[in-house]
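1. this one's structure only:
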(Lines give C-alpha, C1' and ligand atoms only; values in the text may rest on other atoms or scores of the structure.)
Protein backbone atom coordinates (compact mmCIF):
# COMPACT_ATOMS: atom_id res chain seq x y z
CA UNK A 1 0.00 0.00 0.00
CA UNK A 2 1.65 3.25 -1.17
CA UNK A 3 1.63 6.51 0.79
CA UNK A 4 -1.37 8.04 -1.05
CA UNK A 5 -3.44 4.90 -0.73
CA UNK A 6 -2.47 4.54 2.92
CA UNK A 7 -3.46 8.13 3.72
CA UNK A 8 -6.76 7.74 1.88
CA UNK A 9 -7.44 4.62 3.93
CA UNK A 10 -6.61 6.43 7.17
CA UNK A 11 -8.89 9.36 6.32
CA UNK A 12 -11.73 7.01 5.35
CA UNK A 13 -11.22 5.13 8.61
CA UNK A 14 -11.25 8.43 10.51
CA UNK A 15 -14.51 9.35 8.81
CA UNK A 16 -16.08 5.95 9.49
CA UNK A 17 -15.09 5.90 13.18
CA UNK A 18 -16.11 9.53 13.61
CA UNK A 19 -19.63 8.76 12.42
CA UNK A 20 -19.81 5.80 14.83
CA UNK A 21 -18.82 8.13 17.70
CA UNK A 22 -21.38 10.75 16.61
CA UNK A 23 -24.12 8.12 16.71
CA UNK A 24 -22.93 6.81 20.09
CA UNK A 25 -22.73 10.28 21.65
CA UNK A 26 -26.19 11.10 20.27
CA UNK A 27 -27.57 8.09 22.13
CA UNK A 28 -25.71 9.02 25.32
CA UNK A 29 -27.03 12.60 25.02
CA UNK A 30 -30.58 11.34 25.53
CA UNK A 31 -29.65 10.33 29.09
CA UNK A 32 -27.59 13.36 30.13
CA UNK A 33 -28.98 16.82 30.96
CA UNK A 34 -27.72 19.94 29.24
CA UNK A 35 -29.72 22.41 31.33
CA UNK A 36 -32.23 22.67 34.14
CA UNK A 37 -35.75 21.30 33.56
CA UNK A 38 -37.83 23.80 31.66
CA UNK A 39 -34.73 25.08 29.87
CA UNK A 40 -35.90 28.24 28.07
CA UNK A 41 -38.62 29.11 30.62
CA UNK A 42 -36.73 28.09 33.79
CA UNK A 43 -36.26 30.79 36.40
CA UNK A 44 -32.69 31.92 36.95
CA UNK A 45 -32.76 31.09 40.66
CA UNK A 46 -34.09 27.61 39.96
CA UNK A 47 -31.37 27.09 37.36
CA UNK A 48 -28.67 28.04 39.87
CA UNK A 49 -29.98 25.55 42.43
CA UNK A 50 -30.29 22.83 39.79
CA UNK A 51 -26.77 23.40 38.45
CA UNK A 52 -25.24 23.00 41.90
CA UNK A 53 -27.29 19.89 42.67
CA UNK A 54 -26.60 18.25 39.29
CA UNK A 55 -23.06 19.48 38.71
CA UNK A 56 -21.55 16.13 37.66
CA UNK A 57 -24.38 15.19 35.29
CA UNK A 58 -24.29 18.66 33.69
CA UNK A 59 -20.54 18.46 33.11
CA UNK A 60 -20.82 14.92 31.72
CA UNK A 61 -23.53 16.06 29.32
CA UNK A 62 -21.37 18.82 27.90
CA UNK A 63 -18.23 16.68 27.75
CA UNK A 64 -20.33 14.31 25.65
CA UNK A 65 -21.27 17.28 23.44
CA UNK A 66 -17.59 18.11 22.96
CA UNK A 67 -16.92 14.52 21.88
CA UNK A 68 -19.85 14.68 19.46
CA UNK A 69 -18.67 17.97 17.97
CA UNK A 70 -15.08 16.79 17.49
CA UNK A 71 -16.28 13.54 15.92
CA UNK A 72 -18.60 15.41 13.55
CA UNK A 73 -15.66 17.61 12.58
CA UNK A 74 -13.64 14.46 11.87
CA UNK A 75 -16.38 13.20 9.55
CA UNK A 76 -16.47 16.58 7.81
CA UNK A 77 -12.70 16.51 7.34
CA UNK A 78 -13.03 13.10 5.69
CA UNK A 79 -15.74 14.48 3.39
CA UNK A 80 -13.48 17.40 2.45
CA UNK A 81 -10.74 14.92 1.60
CA UNK A 82 -13.20 12.96 -0.54
CA UNK A 83 -13.66 15.94 -2.89
CA UNK A 84 -9.97 16.87 -3.00
CA UNK A 85 -9.27 14.96 -6.22
CA UNK A 86 -11.80 16.80 -8.39
CA UNK A 87 -11.91 20.13 -6.53
CA UNK A 88 -8.85 20.69 -4.32
CA UNK A 89 -9.56 24.40 -3.75
CA UNK A 90 -13.01 23.73 -2.31
CA UNK A 91 -11.54 20.91 -0.22
CA UNK A 92 -8.98 23.30 1.30
CA UNK A 93 -11.59 25.99 1.95
CA UNK A 94 -13.98 23.43 3.45
CA UNK A 95 -11.25 22.15 5.78
CA UNK A 96 -10.47 25.71 6.91
CA UNK A 97 -14.17 26.32 7.62
CA UNK A 98 -14.38 23.12 9.69
CA UNK A 99 -11.36 24.22 11.73
CA UNK A 100 -13.01 27.60 12.38
CA UNK A 101 -16.21 25.83 13.44
CA UNK A 102 -14.27 23.79 15.99
CA UNK A 103 -13.02 27.00 17.56
CA UNK A 104 -16.54 28.49 17.55
CA UNK A 105 -18.02 25.40 19.21
CA UNK A 106 -15.26 24.59 21.69
CA UNK A 107 -15.48 28.01 23.38
CA UNK A 108 -19.08 27.70 24.66
CA UNK A 109 -18.85 23.96 25.31
CA UNK A 110 -15.69 24.30 27.38
CA UNK A 111 -17.35 27.21 29.15
CA UNK A 112 -20.23 24.89 30.06
CA UNK A 113 -17.81 22.36 31.50
CA UNK A 114 -15.51 24.77 33.32
CA UNK A 115 -17.17 28.11 34.02
CA UNK A 116 -20.91 27.56 34.42
CA UNK A 117 -20.71 25.02 37.29
CA UNK A 118 -18.16 27.22 39.08
CA UNK A 119 -20.44 30.25 38.72
CA UNK A 120 -23.40 28.34 40.16
CA UNK A 121 -21.30 27.14 43.10
CA UNK A 122 -20.07 30.68 43.81
CA UNK A 123 -23.62 32.05 43.77
CA UNK A 124 -24.95 29.31 46.06
CA UNK A 125 -22.07 29.68 48.50
CA UNK A 126 -22.27 33.47 48.54
CA UNK A 127 -18.54 33.51 47.89
CA UNK A 128 -16.45 36.47 46.84
CA UNK A 129 -17.58 37.58 43.41
CA UNK A 130 -21.03 36.00 43.76
CA UNK A 131 -22.73 39.11 42.40
CA UNK A 132 -20.52 39.12 39.31
CA UNK A 133 -21.03 35.35 38.94
CA UNK A 134 -24.79 35.88 38.95
CA UNK A 135 -24.55 38.39 36.10
CA UNK A 136 -22.21 36.17 34.10
CA UNK A 137 -24.45 33.15 34.50
CA UNK A 138 -27.33 35.12 32.99
CA UNK A 139 -25.16 35.94 29.97
CA UNK A 140 -24.07 32.32 29.65
CA UNK A 141 -27.53 30.77 29.64
CA UNK A 142 -27.23 27.61 27.53
CA UNK A 143 -30.89 27.52 26.44
CA UNK A 144 -31.87 31.10 25.58
CA UNK A 145 -31.08 31.31 21.83
CA UNK A 146 -29.95 34.94 21.97
CA UNK A 147 -27.57 34.68 24.94
CA UNK A 148 -23.84 35.28 24.54
CA UNK A 149 -23.29 31.55 25.03
CA UNK A 150 -25.61 30.37 22.25
CA UNK A 151 -24.31 33.01 19.84
CA UNK A 152 -21.09 31.01 19.54
CA UNK A 153 -23.07 27.82 18.96
CA UNK A 154 -25.05 29.35 16.11
CA UNK A 155 -21.85 30.77 14.64
CA UNK A 156 -20.55 27.21 14.57
CA UNK A 157 -23.68 25.96 12.82
CA UNK A 158 -23.44 28.79 10.29
CA UNK A 159 -19.88 27.68 9.52
CA UNK A 160 -21.25 24.15 9.06
CA UNK A 161 -23.68 25.56 6.51
CA UNK A 162 -20.81 27.22 4.62
CA UNK A 163 -18.94 23.90 4.68
CA UNK A 164 -22.05 22.15 3.36
CA UNK A 165 -22.38 24.56 0.44
CA UNK A 166 -18.69 24.15 -0.43
CA UNK A 167 -18.72 20.33 -0.58
CA UNK A 168 -22.25 19.55 -1.80
CA UNK A 169 -21.58 20.03 -5.53
CA UNK A 170 -18.23 18.19 -5.82
CA UNK A 171 -19.48 15.41 -3.51
CA UNK A 172 -22.43 14.52 -5.73
CA UNK A 173 -21.09 11.43 -7.50
CA UNK A 174 -22.00 8.03 -8.87
CA UNK A 175 -22.45 6.28 -5.51
CA UNK A 176 -25.89 6.53 -3.92
CA UNK A 177 -24.30 7.32 -0.54
CA UNK A 178 -22.52 10.42 -1.85
CA UNK A 179 -25.64 11.55 -3.70
CA UNK A 180 -27.74 11.35 -0.54
CA UNK A 181 -25.05 13.11 1.49
CA UNK A 182 -24.58 15.83 -1.12
CA UNK A 183 -28.32 16.56 -1.36
CA UNK A 184 -28.69 16.70 2.44
CA UNK A 185 -25.68 18.97 2.80
CA UNK A 186 -26.81 21.23 -0.03
CA UNK A 187 -30.31 21.56 1.40
CA UNK A 188 -28.94 22.25 4.89
CA UNK A 189 -26.50 24.86 3.61
CA UNK A 190 -29.15 26.72 1.62
CA UNK A 191 -31.86 26.32 4.27
CA UNK A 192 -29.64 27.74 7.00
CA UNK A 193 -29.02 30.90 4.99
CA UNK A 194 -32.77 31.29 4.41
CA UNK A 195 -33.48 30.82 8.13
CA UNK A 196 -30.78 33.33 9.01
CA UNK A 197 -32.33 35.89 6.67
CA UNK A 198 -35.78 35.16 8.13
CA UNK A 199 -34.38 35.77 11.61
CA UNK A 200 -32.80 39.07 10.58
CA UNK A 201 -36.09 40.37 9.10
CA UNK A 202 -37.99 39.15 12.20
CA UNK A 203 -40.03 36.46 10.48
CA UNK A 204 -38.72 34.00 13.10
CA UNK A 205 -39.37 34.97 16.71
CA UNK A 206 -36.53 34.50 19.25
CA UNK A 207 -38.50 31.84 21.12
CA UNK A 208 -38.63 29.74 17.91
CA UNK A 209 -34.94 29.96 16.99
CA UNK A 210 -33.99 26.59 18.49
CA UNK A 211 -36.90 24.79 16.86
CA UNK A 212 -36.11 26.05 13.36
CA UNK A 213 -32.32 26.03 13.36
CA UNK A 214 -31.63 22.86 15.35
CA UNK A 215 -34.25 20.83 13.47
CA UNK A 216 -32.55 21.70 10.17
CA UNK A 217 -29.27 20.33 11.55
CA UNK A 218 -30.74 16.80 11.44
CA UNK A 219 -29.84 16.89 7.74
CA UNK A 220 -26.18 16.84 8.79
CA UNK A 221 -26.73 13.58 10.67
CA UNK A 222 -28.40 11.99 7.63
CA UNK A 223 -25.51 13.14 5.46
CA UNK A 224 -22.75 11.66 7.61
CA UNK A 225 -24.64 8.38 8.13
CA UNK A 226 -24.88 8.08 4.35
CA UNK A 227 -21.15 8.84 4.06
CA UNK A 228 -20.37 6.16 6.64
CA UNK A 229 -21.19 3.54 4.01
CA UNK A 230 -19.00 5.35 1.50
CA UNK A 231 -16.11 5.47 3.96
CA UNK A 232 -16.49 1.77 4.66
CA UNK A 233 -16.50 0.94 0.95
CA UNK A 234 -13.41 3.09 0.41
CA UNK A 235 -11.59 1.31 3.25
CA UNK A 236 -12.43 -2.09 1.73
CA UNK A 237 -11.21 -0.92 -1.68
CA UNK A 238 -7.91 0.33 -0.30
CA UNK A 239 -7.41 -2.90 1.65
CA UNK A 240 -7.90 -4.90 -1.55
CA UNK A 241 -5.47 -2.67 -3.43
CA UNK A 242 -2.93 -3.04 -0.65
CA UNK A 243 -3.23 -6.83 -0.68
CA UNK A 244 -2.46 -7.12 -4.42
CA UNK A 245 1.10 -8.31 -5.21
CA UNK A 246 3.44 -5.70 -6.66
CA UNK A 247 3.90 -6.10 -10.42
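-> Ah, there it is. Computed from a predicted structure; not experimentally measured. Residues are numbered from 1 along each chain as shown.

2. so which helix or strand takes in the residue nearest in space to the middle of the chain?
-> Using Cα atoms, centre = their mean, the residue of the chain that lies closest to the mean C-alpha position is residue 69, 4.0 Å off. In this assignment (DSSP states H and E), residue 69 forms part of helix 55-82.

3. the helix or strand that comes right after that helix - what's its average pLDDT?
-> Tracing the chain C-terminally past helix 55-82 and defining elements by DSSP H and E, one meets helix 88-125 next. Helix 88-125 carries an average pLDDT of 93.

4. next secondary structure after helix 88-125?
-> The C-terminal neighbour of helix 88-125 among helices and strands, as given by DSSP H and E, is helix 130-139.

5. how about the helix holding residue 69: buried residues?
-> When burial is assessed from 16 or more other Cβ atoms under 10 Å, helix 55-82 yields the following buried residues: 58-82. Every C-beta, even on glycine, is put in place using the N, C-alpha and C of the backbone.

6. before we move on, the earlier item: wait, the residue nearest to the centre of the chain touches residue 105, no?
-> Yes - here residue 69 lies in contact with residue 105, judged by Cβ atoms under 8 Å, at a distance of 4.8 Å.

7. now list whatever residues contact both of the two.
-> The contact sets of residue 69 and residue 105 overlap at residue 156 (Cβ atoms under 8 Å, 6 or more residues apart in numbering).

8. quick one on the thing from earlier: so what does the helix holding residue 69 touch, helix or strand wise?
-> helix 3-29, helix 88-125, helix 148-171, helix 218-243 (3 or more Cβ pairs under 8 Å, 6 or more residues apart in numbering; DSSP states H and E).

9. average pLDDT for it?
-> Averaging pLDDT residue by residue across helix 55-82 gives 96.

10. now do that helix against helix 218-243, angle only.
-> Between helix 55-82 and helix 218-243, the angle formed by their directions is 60 degrees, by axes from the mean of the first three to the mean of the last three Cα atoms, to 10 degrees.

11. off-centre distance for helix 55-82?
-> On the basis of Cα atoms, centre = their mean, to the nearest Å, helix 55-82 is displaced by 6 Å from the centre of the chain it belongs to.

12. which other residues reach stretch 90-102?
-> Around stretch 90-102, the neighbours that count as contacts under Cβ under 8 Å, 6+ apart are 69-70, 73, 76-77, 79-81, 83-84, 156, 159-160, 162-163, 166-167, 169-170.

13. between the helices and strands packed on helix 55-82, which one is nearest to residue 40?
-> Checking the helices and strands packed on helix 55-82 against residue 40 by Cβ to Cβ gives helix 148-171 as the closest, at 10.7 Å.

14. how far does the following helix or strand past that closest one sit from its chain's centre?
-> Once helix 148-171 ends, the next helix or strand along the chain (criterion: DSSP H and E) is helix 176-200. Taking the mean of its C-alpha atoms, helix 176-200 sits 15 Å from the chain's own mean (Cα atoms, centre = their mean).

15. list the buried ones in helix 176-200?
-> Along helix 176-200, the positions that meet the burial threshold by neighbour count (16+ other Cβ under 10 Å) are 177-178, 180-189, 191-192, 195, 199.

16. can you check stretch 231-239 too?
-> Going through stretch 231-239 with 16+ other Cβ under 10 Å, the ones that come out buried are 231-232, 234-235, 238.

17. how about stretch 21-38?
-> Taking 16+ other Cβ under 10 Å as the basis for neighbour counts, the residues of stretch 21-38 that come out buried are 21-23, 25, 32-33, 35-36.

18. closest one of those residues to residue 112?
-> Proximity of the buried residues of stretch 21-38 to residue 112, judged by Cβ to Cβ, is greatest for residue 35, which lies at 9.3 Å.
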